[in-house]
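> just the structure for this:
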Amino acid sequence: MKVFVACESSGVVRRAFEARGHEAWSCDLVEAEDGAARHIQADAIETAGAGGWDLMVAHPPCTYLASSGLHWTARGHRDPRLTDEAIAFVLALMAAPIPRIAIENPVGCIGTRIRPADQYVQPWQYGDDASKTTGLWLEGLPLLVPTGPRITPRLVDGRPRWANQTDSGQNCLAPSEDRWRQRSTTYPGIAAAMADQWGDPSSSLFGAALAAAETLEARP
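Model prediction:
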């Protein structure tokens, strides 16, 4: 498959698909962190519309979309047009001429201003010791099925905490210029599951993921 990973500079998702034999390209306005040749430093919307892609996994910037930052807009400290522009960008990604699309983003206004996420996943469901509620908006793809091993958190006053969290539940990363980049990077277990389950629509694994997704959807 020819896979387009939009708004990614880390290369985590691109490398997961490459490891399984796909022609995968990442795209972002900044250069690839790993210096990979298969990285397009350009506008993601224009590149997605160029055609020829079989699958797109997109990670639109969440600064003006995530619930964690929307309170600044609600309090009048940030221009609401920034969120309007971010929503327009997501809509353009969703409308790209690509048969299979996955949009990834944390909990935020995509779910209220466009449509609810098809599912939410957690890194600890896919073998990574971390908590990060991540929404997936899917087109032509089955739900992503947890692969494990399921990571058990430590308990602090009865509350679950994973390795990326302090005892109070805050993110462990110290303030820095690239903190946003580190926090937005896809966890390897989720990237591997995407590549395994979405990498070949004709494979038995894709069919198994689709069947499992239908089972998950049917649960009360």
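
> low-confidence bits of the chain, can you list those?
Regions of the chain meeting the criterion pLDDT under 70 cover residues 67, 69-78, 80, 173-184, 203-205, 209, 212-220.

> can you pull out the strands in it?
With DSSP state E, the ranges of strands along the chain come out as 2-6, 23-28, 39-41, 55-58, 100-106, 119-121, 134-139, 154-156, 159-161.

> mind putting those into CSV with mean neighbour count and distance to Arg113?
In short, each C-beta sits where N, CA and C put it, glycine included. Formatted as CSV, the strands of the chain follow (neighbours: other CB atoms under 10 Å; distance: least, CB to CB, whole Å):
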stretch, mean neighbour count, distance to Arg113
strand 2-6, 26, 19
strand 23-28, 23, 24
strand 39-41, 17, 28
strand 55-58, 26, 17
strand 100-106, 22, 12
strand 119-121, 18, 17
strand 134-139, 19, 12
strand 154-156, 11, 35
strand 159-161, 14, 30
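
> quick one: closest of those to Asp167.
Closest approach to Asp167 among the strands of the chain (CB to CB): strand 154-156, 4.6 Å.

> quick check, Ala66 in contact with Val107.
Yes. Using CB atoms under 8 Å, Ala66 is in contact with Val107, at 6.9 Å.

> of those two, which one has the most company?
Ala66 (19 against 16; other CB atoms under 10 Å).

> what's around the closest residue to the more buried one other than its chain neighbours, how many residues?
Nearest residue to Ala66, sequence neighbours excluded (CB to CB, 6 or more residues apart in numbering): Gly108, at 4.2 Å. Residues lying near Gly108 (other CB under 10 Å) number 21.

> how near is Gly108 to Ser168?
Computed as CB to CB, to the nearest Å, the Gly108 to Ser168 distance reads 22 Å.

> next: Pro149.
Applying CB to CB, the value for Pro149 to Ser168 is 26 Å.

> can you tell me the centre-most residue of this structure?
Centroid-nearest residue in the chain, with CA atoms, centre = their mean: Glu104, separated by 3.0 Å.

> hey, what's that residue bridged with?
Judged by DSSP bridges, the bridge partners of Glu104 are Leu136.

> neighbours of Ala88, how many?
11.

> same check on Gln122?
Neighbours around Gln122, by other CB under 10 Å: 19.

> show me what contacts it?
By CB atoms under 8 Å, 6 or more residues apart in numbering, the contact set of Gln122 is 131-134.

> ok, now Gly199?
Neighbours of Gly199 in contact, by CB under 8 Å, 6+ apart: 1, 3, 17, 20, 22, 55, 205-206.

> picking up where we left off before, surely the residue nearest to Ala66 touches Cys62?
Yes. Assessed by CB under 8 Å, Gly108 is found in contact with Cys62 at 6.4 Å.

> who touches both of these two?
With CB under 8 Å, 6+ apart, Gly108 and Cys62 have no common neighbours.

> mind checking how far the residue of the chain most remote from its centre is from Asp167?
Here the centre of the chain is the reference, and by CA atoms, centre = their mean the most remote residue is Asp157, at 30.7 Å. From Asp157 across to Asp167, the span is 8 Å (CB to CB).

> Val107 now?
As judged by CB to CB, Val107 and Asp167 stand 22 Å apart.

> just give me the neighbour total for Thr83.
19.

> quick check: phi and psi at the closest residue to it other than its chain neighbours.
Leaving aside its sequence neighbours, Thr83 sits nearest to Tyr64 (CB to CB, 6+ apart; 4.5 Å). Note on Tyr64: backbone dihedrals following degrees, to the nearest 10 are phi -110, psi 10.
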